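Asks: Here's a sequence, model it:
(2 chains)
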Amino acid sequence: MTTTWTAAALSQDVPAGTAAPGRLGDRDLAIWRSASGKIAAWADRCPHRGMRLSHGFVRGEALSCIYHGWRYGQTGQCIKIPAHPGLEPPDAIRVPAFAVAEASGVIWVADGAPATAPPAFEGFTGFRSLQVDAPASVVAEALGGKGDAIRAALGPTPAVALIQPLGPDRSGLHLLAPLSAAPEALDALSVAAEDLRRRAEAGQKGRAA
Amino acid sequence: MRHQWYPVGIAAKLPDSPAESLLLGERVHIGRAKGGGPQVTDAKGRALPVLTRFGHVWTTLGTPERDLFTIPEADQPGRRLVDVGTVRVRCSPLRAVENFLDIAHFPFVHTDILGAEPHTEVERYEVEIREDSDEVWATKVRFFQPQAAKSAGGGITTDYMYRVPAPTCSILYKTSPPRPGEWDVITLFVQPMTEELCQVWPWMALFDDASTMTDMIHFQQMIFVQDRSILENQIPAKLPLDPGLEIPTRADMTSIAYRRWLKRHGYTYGAQLVAA
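Replies: Alright, predicted model coming up:
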C-alpha cells in the first residue's frame, strides 16, 4: 500500500467543474474539481456498469457518470440514480476515494492517510505536465538527478521536476517553474522539457536495442 | 458459441476479392463464390456454411442446432430495409448487445435525440426468458424521446420491446413515428472478432417514406458512434456475468435477464466469470 504522496496532475489542468484521468500506481483515477473548487481523486470506475468516471460531468459539488448519470457526492457516495428519481441510493453504492491534497500547484494523491503533508516548493508553482515513454529512472538520469523530485535547470530556467512512474516504460513528468518567471523563460522551459523528453525516449530505445 | 450464426458482411456489398476478418478469434475470409453468391472460408481455406438473411451474410465455425432466427415483422409490406453499415468497437461483443438493451443511458449519451433530462425515469417494464423460443424478451418499455427517429417531428413517448434471439444479436421494436400503431424494427447484429473486439452490423426495417436512405443511415450511425465512446471505456472490458462486480437497479432488468441467460447457456465468449 502506498502511504506516501504521488504527484498525479497539476492543479491548473483540473479547473473547477471538470474531471480528468489520472494514475496512482497501477490504478486508474478520476480526478475532479467541484464548482466551488474542491478537489477529489476516486477510482475511475462507476460501480453500476464500469464506465470510467473521468469521462463524467461535474454539476455543483457532485460528479456524474456520463453513461447513466449516476451522481456521486464529495465522499464518493451515490446520491442520485436518474432512472429512479424517487429512490434514495443504498449506502453500498460508493466509489472508492483516495487521499488528495494540493501544494505548489500540484495535485498529490495517496492510498491511505500519509503522516505528513505533501511537499511544498517555495517560490514555485505547477507549470506543465508531460508523458514520457521511458521509465522513471531514465527520466531522472536525463535530468541529472535521482529520485522522484529533482531540482534542475532546464535551459536557462530553474525548475522542479516531479516524476511519476506510469508503468514499466512510461512516466509522468510534472514541471514546476518559478512564480516570478517571465513568459520568455517559461517558453524556454517548455522547449527544454520537450528536448529532455526526446533524450530520455532516445536513451530508452538505445537501451532496449 | 461456436455453433451460432454470426453476421460477417452486407450481402449487397460483398468485396470482389476476399476480405480478411476475424470470427471468435479465428481468421476468416469473406468474398464471392464463382456464381457470385457469398463465400466465407476459414483459416485453412475451407468453405464455411453461409446464409443470407436481413441483408447480411451469416456464417458459423460450428454446426448450428437450429436455423437462424426470423423476424416476421420485417416481411410486412411498406417497410424500407436499411443496411446501416458497420462500426468496429473495441469492446466485448456481449457489452455491445447489453448497451443496445439499455434505455436509461438515452438522456446522457444520446442527449436531445433519444432522451433528455429531466425525462430520465425508467418505469417498470416486463422481462422474461421465453422457454419455448429460448429468447430474452422485454416488453411494455416506455420512454420519452425528443427525436425518436429521423421521421419524428418532435418529442414523443416511445414504446419499446426488446428481443434477444442469439447471444450476440438483439432486435428492438419501437413505435413508428409516422405510423403509431406499428413497430419499427431496429436490430443490432454483432460479429464477435475477439473477446474484446467486435464489428457491429445494425439493420433496420422502418416505416418512413419521407427520409432519404442516406439520412436514415446517418442517423443510426451517429447513435452508434455515441455508444462507442461508452463501450470502449468500460472496466473490465469483458461483461461480468457473476453478481458483485457491478450494481444493477430495476431499470437494468433486461440486462440482468440477458446475463442470466448467457450464463445458463455457457455463452461466455466476451464474458468475465469470477475466478473459481
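
Asks: burial measure for the nearest residue to residue A:43 once chain neighbours are set aside, as a count.
Replies: Nearest residue to residue A:43, sequence neighbours excluded (C-beta to C-beta, 6 or more residues apart in numbering or on different chains): residue A:96, at 4.4 Å. Quick note: C-beta positions are derived from backbone N, CA and C, even for glycine. As a burial measure, residue A:96 scores 12 neighbours (other C-beta atoms under 10 Å in any protein chain shown).

Asks: Equivalent analysis for residue B:88, please.
Replies: Neighbours of residue B:88 (other C-beta under 10 Å): 12.

Asks: repeat for residue A:37
Replies: 12.

Asks: Mind jotting down where the strands sit in chain A?
Replies: A:6-10, A:18-24, A:27-33, A:39-43, A:57-59, A:62-64, A:71-72, A:78-80, A:97-103, A:106-110, A:124-132, A:149-154, A:157-165, A:171-178 (DSSP state E).

Asks: swap in the stretch 101-250 of chain B?
Replies: Taking DSSP state E, counting those that start in this stretch, the strands of the stretch 101-250 of chain B run over residues B:126-130, B:135-145, B:156-166, B:169-176, B:179-194, B:197-206, B:239-240.

Asks: got the buried residues for the longest one?
Replies: Going by neighbour count (16 or more other C-beta atoms under 10 Å in any protein chain shown), the buried part of strand B:179-194 is B:182-194.

Asks: pLDDT and distance to residue A:167 for those - can I get that in a markdown table?
Replies: Compiled in a markdown table, the buried residues of strand B:179-194 are given as follows (pLDDT from 0 to 100; distance: C-beta to C-beta, whole Å):
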| residue | pLDDT | distance to residue A:167 |
| --- | --- | --- |
| B:182 | 91 | 54 |
| B:183 | 94 | 50 |
| B:184 | 94 | 47 |
| B:185 | 96 | 46 |
| B:186 | 96 | 41 |
| B:187 | 97 | 40 |
| B:188 | 97 | 35 |
| B:189 | 98 | 37 |
| B:190 | 98 | 31 |
| B:191 | 98 | 32 |
| B:192 | 98 | 29 |
| B:193 | 98 | 26 |
| B:194 | 98 | 23 |
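
Asks: Output the below-cut-off pLDDT ranges for the chain.
Replies: Unless you meant another one, I'm taking chain A. A:1-2, A:208-209 (pLDDT under 70).

Asks: other chain: chain B
Replies: Using pLDDT under 70, chain B drops low at B:275-276.

Asks: what residues go with each domain of it?
Replies: In terms of domains, chain B is parsed into B:6-59, B:72-272 (source: automatic domain parsing).

Asks: mind checking which of these is nearest residue A:147?
Replies: Evaluated with C-beta to C-beta, the domains of chain B place domain B:72-272 nearest to residue A:147, the distance being 31.8 Å.

Asks: That closest one: end-to-end distance?
Replies: Using C-alpha to C-alpha, to the nearest Å, the end-to-end distance of domain B:72-272 comes out at 34 Å.

Asks: go on, stretch A:55-75?
Replies: Start-to-end, stretch A:55-75 (C-alpha to C-alpha) is 18 Å.

Asks: Where is the longest helix in chain A?
Replies: In chain A, ranked by residue count with DSSP state H as the criterion, the top helix is helix A:183-208.

Asks: Next: chain B.
Replies: helix B:213-231.

Asks: any idea how far that one is from the chain center?
Replies: Offset of helix B:213-231 from its chain centre (C-alpha atoms, centre = their mean, to the nearest Å): 13 Å.

Asks: Quick one: list the elements packing against that helix.
Replies: The contact analysis (3 or more C-beta pairs under 8 Å, 6 or more residues apart in numbering or on different chains; DSSP states H and E) places helix B:213-231 against strand B:80-83, strand B:87-89, helix B:93-100, helix B:106-109, strand B:197-206.

Asks: on that earlier part again, quick check: which of the strands of the stretch 101-250 of chain B is nearest to residue A:106?
Replies: The nearest among the strands of the stretch 101-250 of chain B, by C-beta to C-beta, is strand B:239-240 at 35.8 Å.

Asks: quick one, whichever helix or strand comes after the closest one and strand B:169-176 angle?
Replies: Counting by DSSP states H and E, the next helix or strand C-terminal to strand B:239-240 is helix B:253-265. With axes from the mean of the first three to the mean of the last three C-alpha atoms, to 10 degrees as the basis, helix B:253-265 and strand B:169-176 are set at 160 degrees to each other.

Asks: list the buried ones in helix B:253-265?
Replies: Residues B:253, B:254, B:255, B:257, B:258, B:259, B:261, B:262 are the ones in helix B:253-265 that count as buried (16+ other C-beta under 10 Å).

Asks: Please apply the same query to stretch A:42-55.
Replies: A:42-55.

Asks: how far does that stretch stretch from start to finish?
Replies: One end of stretch A:42-55 to the other measures 13 Å (C-alpha to C-alpha).

Asks: Can you tell me how far the residue lying farthest from the centre of chain A is from chain B?
Replies: Within chain A, the residue lying farthest from the chain centre (C-alpha atoms, centre = their mean) is residue A:86, at 35.9 Å. The gap separating residue A:86 from chain B is 8 Å, by C-beta to the nearest C-beta, to the nearest Å.

Asks: can you list the buried residues of stretch A:42-55 in JSON lines and add distance to residue A:69?
Replies: Converted to JSON lines, the buried residues of stretch A:42-55 look like this (distance: C-beta to C-beta, whole Å):
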{"residue": "A:42", "distance to residue A:69": "17"}
{"residue": "A:43", "distance to residue A:69": "18"}
{"residue": "A:44", "distance to residue A:69": "17"}
{"residue": "A:45", "distance to residue A:69": "16"}
{"residue": "A:46", "distance to residue A:69": "10"}
{"residue": "A:47", "distance to residue A:69": "14"}
{"residue": "A:48", "distance to residue A:69": "10"}
{"residue": "A:49", "distance to residue A:69": "12"}
{"residue": "A:50", "distance to residue A:69": "15"}
{"residue": "A:51", "distance to residue A:69": "11"}
{"residue": "A:52", "distance to residue A:69": "15"}
{"residue": "A:53", "distance to residue A:69": "12"}
{"residue": "A:54", "distance to residue A:69": "16"}
{"residue": "A:55", "distance to residue A:69": "12"}
